[in-house]
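1. fold the following.
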Amino acid sequence: MRGFSQGEISSAPLLAAVDATSQVHLIIGSNPLAATRCAKCLEIGAKPIVIAPENGDVPYTLAQRIEDGSVQWIRRGFKDDDLQTLGREEVDRVVDMVFVTLGGDNPLSSHISKLCRRLRIPVNVSDAPELCTFTLLSTHSDGPLHIGITTSGRGCMLASRLRREIASFLPPDFGTAVDRLGSVRKRIWEEDRAAGLTESIFEAEDDDSTAQKHTFNALVRSEDVTAAKNRRMRWLSQICEYWPLRRLAAINDSDIDAILAAFSSRNSVSALNSNEAHTCRGKGKIILAGSGPGHPDLLTRATYHAIKHADIILADKLVPAPVLELIPRRTEVHIARKFPGNADQAQEEFLSMGLDALRRGKQVLRLKQGDPYLYGRGAEEYDFFRKAGYAPVVLPGITSALSAPLFAGIPPTHRSTADQVLICTGTGRKGVAPEPPSYVPTQTVVFLMALHRLSSLVESLTTCPADVMASRIVWPKETPCAVLERASCPDQRVIRSTLEHVCQAVEEEGSRPPGLLVVGASCHVLHKPSDRRWVVEEGFRGLDELRNEVDTAVIEGPGAPGYEVQ
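-> Numbering: from 1, shown residues only. Prediction:
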């Protein structure tokens, strides 16, 4: 849990990727750790200089590097002026970085640390976090992809374990996919700039440290010419966010060509007219199914069966990656090219693709996030395919409107607090804001598809034009609320706040769609208010832990080797 209040300062370290090419790094000592530090310096393109007297055995690998000239060895003890005389000429001979491998108990370690701090030279002292201004991370590298783990000097072996666990989760050679997608992004930017379509498309997002803006899924209106022109880049951003990692790792040249060709014009796939549709008959079958809030364990058995047996799957972009990972490799999969401003065109494209597959006798699964009939265009799709002669089978899904609050510890109803639940959409047709509900003290309101226009929604709830005051009661700004994102998934996030501060919270924390807003006194039933403007809770492992417990019980239960009934 993280809490934020006015003026609060975080104690987390600043993690940065440093270009150390040609830098001079001083290594104090000639022990095995010094050999490791030299190897790392050479790996990143730095020039290591070892300072140590000839008073012991030098590790073989270090001796080899000294012999071949890749490492310079100054055979004496450390001198204070080494810090300002052994560096590069372009930085006035000041060394770029210092590694002390003598341990924290050696008096020289503390002395060198103080000198480096005074000269603002980054210094690392082995086994002495209090003497360090930086620590090295346990890293995994794959092409342009670099993943670093640090425990701030409190558990180096644990950092190594975590790094291995994370690396093993990634698809093989994932760095190649990162490189390809980076090339596509650069090419789109260059082509669009040459065509005069954009002035600055990267803006502040061209930095790995920045979270997704709270406007990531903001609606693009027809009058927003600049955003509309950047359609290919927006689609690439959606691919990076929603495609499963396995699919991203397998991206090939034809995928890239398709990405680059997408939205090159405003022409979209047109829906077939009803007369043509009525004349079409075939052996195809279509299923409309909801994938639930996120975690694959929350799929219905019917939907799981449909995923395993479909010939072609047309999935919403918000269907979580763990659910998409269940799709057999042989199955043809298409993920909706929906981003704000392109929803209608993407919908028409999917309808056309589904109808074409049905005419070819395929079994089609239209996989939707949540429940297909709750703000999911399910009834529209059912009507379209029924008119074409293919009445779909509809399978329900657990809706996030009721399950997300549960995973966030918010009971939508509670005796003496909330006796009714209202489910609303935050986005009407063509992006027009729907009429906000009137304040009812005992009502819990769940807003779906509202985070991209949270500011205007909150304003409409807490203020009211004079001409409609009599017909609607405004919501008090101190009303509890919570933003729930990626419910039931390991990267679930809950932001607990009030209507007064929730907009600022989301702006500062960024966006992690899909998400929803819950408003009402029920938000404080199990989580009492604090003096902070908002509280952020990261992660949810409940379902995975439950699965592990069940698996352990099966392995260790009756019938298992060594199991005895007492």
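
2. where do the strands sit along the stretch 351-500 of the chain?
-> 363-368, 393-395, 420-425, 443-448, 480-485, 493-498 (DSSP state E, counting those that start in this stretch).

3. pipe those into CSV and attach mean pLDDT and distance to residue 516 per row.
-> For glycine as for every other residue, the C-beta is placed from the backbone atoms N, C-alpha and C. CSV is the format used below for these (pLDDT from 0 to 100; distance: least, Cβ to Cβ, whole Å):
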stretch, mean pLDDT, distance to residue 516
strand 363-368, 95, 16
strand 393-395, 96, 22
strand 420-425, 94, 9
strand 443-448, 96, 5
strand 480-485, 96, 6
strand 493-498, 96, 11
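
4. adding distance to residue 77 and mean neighbour count, write these out as a markdown table.
-> As requested, the strands of the stretch 351-500 of the chain are exported to a markdown table (distance: least, Cβ to Cβ, whole Å; neighbours: other Cβ atoms under 10 Å):
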| stretch | distance to residue 77 | mean neighbour count |
| --- | --- | --- |
| strand 363-368 | 68 | 26 |
| strand 393-395 | 75 | 18 |
| strand 420-425 | 72 | 16 |
| strand 443-448 | 68 | 24 |
| strand 480-485 | 56 | 25 |
| strand 493-498 | 52 | 24 |
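
5. out of those strands, the one nearest residue 316 is which?
-> Of all those, it is strand 363-368 that lies closest to residue 316, at 5.2 Å by Cβ to Cβ.

6. how about the helix or strand containing residue 237: buried residues?
-> Using DSSP states H and E, residue 237 sits within helix 231-242. Judged by neighbour count (16 or more other Cβ atoms under 10 Å), helix 231-242 contains these buried residues: 231, 232, 233, 234, 235, 236, 237, 238, 239, 241, 242.

7. which residues touch the closest residue to residue 187 other than its chain neighbours?
-> The shortest distance from residue 187 to any non-neighbouring residue, by Cβ to Cβ, 6 or more residues apart in numbering, is to residue 260 (6.7 Å). By Cβ atoms under 8 Å, 6 or more residues apart in numbering, the contact set of residue 260 is 184, 187, 188, 191, 232.

8. what do you get for residue 288?
-> Counted by Cβ under 8 Å, 6+ apart, residue 288 has contacts 366, 368, 372, 378, 381, 382, 392, 393, 394, 395.

9. Provide the strand pairings for whichever helix or strand it is part of, with the direction of each partner.
-> Per DSSP H and E: residue 288 is located in strand 285-290. Taking DSSP bridges as the criterion, strand 285-290 forms sheet pairs with strand 363-368 (parallel), strand 393-395 (parallel).

10. check the spacing between residue 68 and residue 371 real quick.
-> 66 Å (Cβ to Cβ, to the nearest Å).

11. the more surrounded of the two?
-> Ranked by neighbour count (other Cβ atoms under 10 Å), residue 68 and residue 371 place residue 371 first, with 23 against 8.

12. ok, for residue 414, nearest residue in space, not its chain neighbours?
-> Nearest non-adjacent residue to residue 414 (Cβ to Cβ, 6+ apart): residue 525, at 4.9 Å.

13. now the contacts of residue 260 as TSV including distance to residue 473, pLDDT and secondary structure?
-> TSV is the format used below for the contacts of residue 260 (distance: Cβ to Cβ, whole Å; pLDDT from 0 to 100; DSSP: H, G, I helix; E, B strand; the rest coil):
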residue	distance to residue 473	pLDDT	secondary structure
184	51	84	helix
187	54	82	helix
188	49	81	helix
191	53	79	helix
232	46	73	helix
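
14. circling back: with distance to residue 530 as extra columns, can I get the strands of the stretch 351-500 of the chain in JSON lines?
-> Shown next, in JSON lines, are those (distance: least, Cβ to Cβ, whole Å):
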{"stretch": "strand 363-368", "distance to residue 530": "37"}
{"stretch": "strand 393-395", "distance to residue 530": "41"}
{"stretch": "strand 420-425", "distance to residue 530": "25"}
{"stretch": "strand 443-448", "distance to residue 530": "20"}
{"stretch": "strand 480-485", "distance to residue 530": "11"}
{"stretch": "strand 493-498", "distance to residue 530": "9"}
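
15. residue 29: which of those is closest?
-> strand 493-498 (44.0 Å).

16. okay, now the unreliable bits of the stretch 51-200 of the chain?
-> 155-156, 196-200 (pLDDT under 70).

17. mind checking how far residue 457 is from residue 519?
-> Relative to residue 519, and taking Cβ to Cβ, residue 457 is found at 10 Å.

18. okay, now the domains of this structure?
-> Under the assignment automatic domain parsing, the domains of the chain span 24-136, 174-261, 274-398, 401-544.

19. will you turn the ones you listed into JSON lines that also has distance to residue 11?
-> Converted to JSON lines, the domains of the chain look like this (distance: least, Cβ to Cβ, whole Å):
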{"stretch": "domain 24-136", "distance to residue 11": "13"}
{"stretch": "domain 174-261", "distance to residue 11": "17"}
{"stretch": "domain 274-398", "distance to residue 11": "32"}
{"stretch": "domain 401-544", "distance to residue 11": "16"}
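
20. closest one to residue 151 among these?
-> Here domain 24-136 is closest among the domains of the chain (Cβ to Cβ), at 8.9 Å.

21. quick one on the thing from earlier: surely the residue nearest to residue 414 meets residue 413?
-> No - Residue 525 is beyond contact range of residue 413, at 9.7 Å (criterion: Cβ atoms under 8 Å).

22. if you count surrounding residues, which of the two has more?
-> The neighbour comparison of residue 525 against residue 413 (other Cβ under 10 Å) goes to residue 525, with 20 against 15.

23. how about the nearest residue to residue 419, chain neighbours excluded?
-> residue 442 (4.9 Å).

24. same check, this time on residue 377
-> Using Cβ to Cβ, 6+ apart, the nearest residue to residue 377 is residue 347, at 6.7 Å.

25. same question, residue 150
-> residue 137 (4.8 Å).

26. so what's the one you found up against?
-> 15, 148, 149, 150, 159.

27. only whichever of these are buried, select them in PyMOL.
-> Burial among the contacts of residue 137 is assessed by 16+ other Cβ under 10 Å; the matching PyMOL selection reads:
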select buried, resi 149+150+159
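
28. what would the contacts of residue 137 look like in JSON lines with secondary structure?
-> Listed next are the contacts of residue 137 as JSON lines, based on DSSP: H, G, I helix; E, B strand; the rest coil:
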{"residue": "15", "secondary structure": "coil"}
{"residue": "148", "secondary structure": "strand"}
{"residue": "149", "secondary structure": "strand"}
{"residue": "150", "secondary structure": "coil"}
{"residue": "159", "secondary structure": "helix"}
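
29. now distance to residue 105 too, for the contacts of residue 137, in a markdown table please.
-> Below are those laid out as a markdown table (distance: Cβ to Cβ, whole Å):
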| residue | distance to residue 105 |
| --- | --- |
| 15 | 28 |
| 148 | 28 |
| 149 | 27 |
| 150 | 23 |
| 159 | 23 |
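
30. with respect to residue 436, which of the contacts of residue 137 is nearest?
-> residue 15 (41.6 Å).

31. so the closest residue to that closest one other than its chain neighbours bridges to which residues?
-> Distance criterion Cβ to Cβ, 6+ apart; nearest residue to residue 15, sequence neighbours excluded, is residue 148 at 6.5 Å. Here residue 148 sits in beta bridges with residue 139, going by DSSP bridges.

32. what about residue 148, distance to residue 397?
-> 38 Å.

33. ok, residue 34 next?
-> For residue 34, the distance to residue 397 - Cβ to Cβ - is 58 Å.

34. and for residue 46?
-> Taken as Cβ to Cβ, the span from residue 46 to residue 397 is 53 Å.

35. more neighbours: which of those two?
-> More neighbours surround residue 397 than the other of residue 46 and residue 397, with 26 against 19 (other Cβ under 10 Å).

36. still on that earlier bit, show me what the helix holding residue 237 is packed up against.
-> Packing partners of helix 231-242 (3 or more Cβ pairs under 8 Å, 6 or more residues apart in numbering; DSSP states H and E): helix 174-194, helix 253-261.
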